[in-house]
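>>> this one's sequence-less:
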């Protein structure tokens, strides 16, 4: 009887692919009828300027969940997008570092696309955009 319960217990306790994506500490920053923006508070961290980032740079992961299916640059359908950005607080710019596309909201399901960027130029986020909202949050957040 106990042996039959072990596989079930292991399946419940061990994180699988769907749980790994949602295992972050996601906090809602903004949302409307079309999309909701989350940030992983635990991922917000200073970047050492010796690593090539601006003096006041920070990295963080964001997650955008869409109410309707979207199409990725390579033509795949997705409902949520997890992205890591480098935020230059003084310059008010962001640099995209990595993106992962998921078929379901809240980064659920097996990723349909995963991209890491080595050389992506800093950009000024559009006023009122999810990226600007994340920049404001990340740069205001007090770090230990």
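That came through, no problem. Predicted, not measured: the structure shown is a model, and the values here were computed from it. Numbers count the residues shown, from 1 in each chain.
>>> contacting residues for the residue nearest to residue 71 when sequence neighbours are not counted?
Nearest residue to residue 71 in three dimensions, chain neighbours excluded: residue 77, at 6.1 Å (C-beta to C-beta, 6 or more residues apart in numbering). The C-beta positions use only the backbone N, C-alpha and C, and glycine is treated the same way. Contacts for residue 77 (C-beta atoms under 8 Å, 6 or more residues apart in numbering) come out as 69, 70, 71, 103, 112.
>>> let's see it at 10 Å
69, 70, 71, 101, 103, 112 (C-beta atoms under 10 Å, 6 or more residues apart in numbering).
>>> hmm, which of these are the buried ones?
Neighbour counting with 16 or more other C-beta atoms under 10 Å marks 70, 101, 103 as buried within the contacts of residue 77.
>>> residue 111 reaches residue 78, doesn't it?
Yes. Between residue 111 and residue 78 there is a contact under C-beta atoms under 10 Å: 8.9 Å.
>>> who has more neighbours out of those two?
Neighbours per residue (other C-beta atoms under 10 Å) separate residue 111 from residue 78, with residue 78 holding more: 20 against 16.
>>> residues of the one helix or strand residue 59 maps to that come out buried?
Using DSSP states H and E, residue 59 maps to strand 57-71. Across strand 57-71, burial judged by 16+ other C-beta under 10 Å covers 57, 58, 59, 60, 61, 62, 63, 64, 65, 70.
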